[in-house]
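>>> my questions are about this predicted structure, shown below with the sequence.
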Amino acid sequence: MRQKTDPGPVRTTSAGARGNGKKRSPRNNRTIVATQAPLDFHPLANIFPLLEGAEFEELVADVRVHGVREPIWTYQGKILDGRNRYRAAQAAGVEARFETFTGTYADALAFVVSKNLYRRHLSESQRAMVAAKIATLKLGDNQHSEGPSIEEASRLLNVGHASVERAKTVQRAGAPELVEAVEHGKLAVSTAADLATLSELSKRTGALVLGVDHFGKLIDTGTRGSSAKEGHADVVLALLGDRQVNGTITNTRLAIRKLRDGPSGLEIPFTPKDVPISSTDKDGKPITDDDGRPETRVVLDWGEPGEAAAPTDDWPPSLQLLRRILMTLLADAGVDVTPYADGPTVRAIDIRLIRAEFCKQYPADGDAKQKAATRRQAFGRAVKLAQSKSLIMVREIDGTQFVWFASKEEPNG
């Protein structure tokens, strides 16, 4: 399948290339190639996800300044390694150098994995998605030979067999946005596999399928992986309540968190009540539990629906983007850390992940370099302002700088 690339060929160069545009390199299995025609991506290259958003823009800015430092490798007339460098060269309008890989199909697969696995910092879920693709490959020039088994793909990508099976479920039954969420590290493959299974079950049976999840420590962040899960669902309902100091729950309500093609935010209050069951046994005696008490059932007494009350908010408009991103990432990729000795455990996120997502969403004008600079400066200002208002906490732990909500952002429940 032809991959969508930016229009226009990459200007290529081959030092000393004459005649047919090729010059043998003294190194094995490599030929410098000069070509002016746009190239497709090889199927083996496509087992790894492309760079997108801020990461790709940063690569374009670097290529514009320093050029394409590594060659782009081709195999069978298609790009085997260097798709992102190729796209960046097109966007930056710079020259790129091509070299040809001349090994076997299996050698080419090993080459792609070796080049990408250690160059890119992929999560276990992302590696599982790659391994699942490898396990479905047909090798050989005619694509008839069986490719690596799941066990072999698991070892090649250093990932568990069960994770690869889940990844296959996601690729087979998951919606495109679900697959993309896992491939770009926004959702765990285990969660995505559950969602894909629910969707497949609904399609096969025609039944309404409900998945039950729970909020974490911060209600505002939603459930873990909420952005991808809720994007995949037609309806999201949330049972909410306020926990009091004495442990009782008040203000119970059902919230319509999402309704596809309909309004969201509606809340319906309810009160749970114990209702005795007026049933008797064969001797006419009331049915009781093991303690001799009459059996009851809980029913919900529903109130009138209404809009959710607007919460008080200490976050100014200029910080709402940072807050929204922090909430989503804490749910999707947060980790529990203990910032201070003998202090509480908090859910935090690597500041690099926040910066990358912030740069993807923050609007900016100019060329790639100017937009990248504008976004980095905006992110720095936002973090400093949020710190000055005691809205977030930032601390370096074992070489990684973590960010988490200040204690006043934590819910009472």
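That came through fine.

>>> okay, CA-based contacts and neighbour counts for the rest of this
Noted.

>>> show me what contacts the closest residue to residue 49 other than its chain neighbours?
Leaving aside its chain neighbours, residue 49 sits nearest to residue 183 (6.3 Å; criterion: Cα to Cα, 6 or more residues apart in numbering). Shown in contact with residue 183 (Cα atoms under 8 Å, 6 or more residues apart in numbering): 49, 125, 126, 129.

>>> ok, which pair from these is furthest apart?
Using Cα to Cα, these reach their maximum pairwise distance at 49 and 125, which is 12.4 Å.

>>> just to revisit the earlier point, nearest to residue 187, of the contacts of residue 183?
Of all the contacts of residue 183, residue 187 sits closest to residue 125, with 8.0 Å by Cα to Cα.

>>> how near is that closest one to residue 323?
In this view, residue 125 and residue 323 are 26 Å apart by Cα to Cα, to the nearest Å.

>>> now do the helices in the chain.
Shown for the chain, the helices assigned by DSSP state H span residues 53-66, 83-92, 105-117, 124-135, 150-157, 161-173, 176-183, 189-205, 226-232, 320-333, 351-361, 368-388.

>>> out of those helices, which is closest to residue 400?
Comparing the helices of the chain by their distance to residue 400 (Cα to Cα), the top pick is helix 351-361, with 8.1 Å.

>>> check which residues of stretch 284-298 are buried.
Using 16 or more other Cα atoms under 10 Å as the test for burial, stretch 284-298 gives 287, 288, 295.

>>> could you do stretch 328-342 as well?
For stretch 328-342, the neighbour count (16+ other Cα under 10 Å) marks 328, 329, 330, 331, 332, 333, 334, 337, 339 as buried.

>>> now tabulate those in a markdown table and tack on distance to residue 162 and pLDDT.
Formatted as a markdown table, those follow (distance: Cα to Cα, whole Å; pLDDT from 0 to 100):
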| residue | distance to residue 162 | pLDDT |
| --- | --- | --- |
| 328 | 27 | 82 |
| 329 | 25 | 85 |
| 330 | 25 | 83 |
| 331 | 23 | 77 |
| 332 | 21 | 74 |
| 333 | 20 | 80 |
| 334 | 23 | 83 |
| 337 | 27 | 87 |
| 339 | 33 | 88 |
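
>>> name the nearest of the residues you listed relative to residue 376.
residue 329 (18.3 Å).

>>> low pLDDT regions in the protein?
Applying pLDDT under 70 to the chain flags residues 1-37, 139-146, 216-232, 278, 307-313, 407-413.

>>> how close does the closest residue to residue 134 other than its chain neighbours sit to residue 287?
Sequence neighbours aside, residue 153 is the residue nearest to residue 134 in space, at 6.2 Å (criterion: Cα to Cα, 6+ apart). To residue 287, residue 153 is 59 Å away according to Cα to Cα.

>>> run a quick neighbour tally on residue 234.
Other residues within reach of residue 234 by the criterion other Cα atoms under 10 Å amount to 10.

>>> hang on, the earlier thing: ok, and the most crowded of the contacts of residue 183?
Counting neighbours by other Cα under 10 Å, the top entry in those is residue 129, with 29 neighbours.

>>> tally of neighbours for residue 121?
Other residues close to residue 121 by other Cα under 10 Å number 10.

>>> wait, I meant residue 205
9.

>>> contacting residues around it?
By Cα under 8 Å, 6+ apart, residue 205 lies in contact with nothing.

>>> make 5 the first number, not 1, from now on.
Sure, I'll start numbering at 5, so the last one becomes residue 209.

>>> distance of it from residue 198?
Residue 209 is 17 Å from residue 198, where distance means Cα to Cα.

>>> what segments of the stretch 205-354 of the chain are strands?
239-247, 253-263, 270-280, 300-306, 310-311, 339-341, 350-354 (DSSP state E, counting those that start in this stretch).

>>> deepest in the core, which of the ones you listed is it.
strand 350-354 (a mean of 22; mean count of other Cα atoms under 10 Å).

>>> can you tell me how far residue 180 is from residue 187?
Going from residue 180 to residue 187 by Cα to Cα gives 11 Å.

>>> how about residue 376?
Distance of residue 376 to residue 187, computed by Cα to Cα: 23 Å.

>>> what of residue 166?
17 Å.

>>> my read is that residue 83 contacts residue 75, right?
No: using Cα atoms under 8 Å, residue 83 is not in contact with residue 75; the gap is 10.9 Å.

>>> who's more crowded, those two?
A direct count of neighbours by other Cα under 10 Å for residue 83 and residue 75 places residue 83 higher, at 24 against 16.

>>> OK, contacts around that one?
Residue 83 sits next to 43, 44, 45, 46, 49, 76, 77 when contact means Cα under 8 Å, 6+ apart.

>>> make it 6 Å
Neighbouring residues of residue 83 by Cα atoms under 6 Å, 6 or more residues apart in numbering: 45, 46, 77.

>>> partner residues bridging the first one?
Each beta-bridge partner of residue 45 is listed here, defined by DSSP bridges: residue 83.

>>> ok, how many other residues are close to it?
Using other Cα under 10 Å, residue 45 is surrounded by 21 other residues.

>>> residue 81 is in contact with that one, correct?
No: using Cα atoms under 6 Å, residue 45 is not in contact with residue 81, being 9.1 Å away.

>>> Provide a list of residues in contact with residue 75.
101, 102 are the contacts of residue 75 under Cα under 6 Å, 6+ apart.

>>> tell me how far it lies from residue 103.
Per Cα to Cα, residue 75 is found 6 Å from residue 103.

>>> please tell me how far residue 376 sits from residue 343.
Taking Cα to Cα, one finds residue 376 at 31 Å from residue 343.

>>> residue 86 too?
Distance of residue 86 to residue 343, computed by Cα to Cα: 40 Å.

>>> quick check: domain ranges of this protein?
Using automatic domain parsing, the domain parsing of the chain gives 15-180, 233-269+312-417.

>>> most tightly packed of those?
Of all the domains of the chain, domain 15-180 has the most neighbours on average by mean count of other Cα under 10 Å, namely a mean of 18.

>>> specify the beta-bridge partners of residue 276.
residue 304.

>>> swap that for residue 404, sorry
Per DSSP bridges, the residues bridged to residue 404 are residue 401.

>>> next one: it from residue 202, what distance?
Distance of residue 404 to residue 202, computed by Cα to Cα: 37 Å.

>>> ditto for residue 129
19 Å.

>>> thanks a lot, catch you later.
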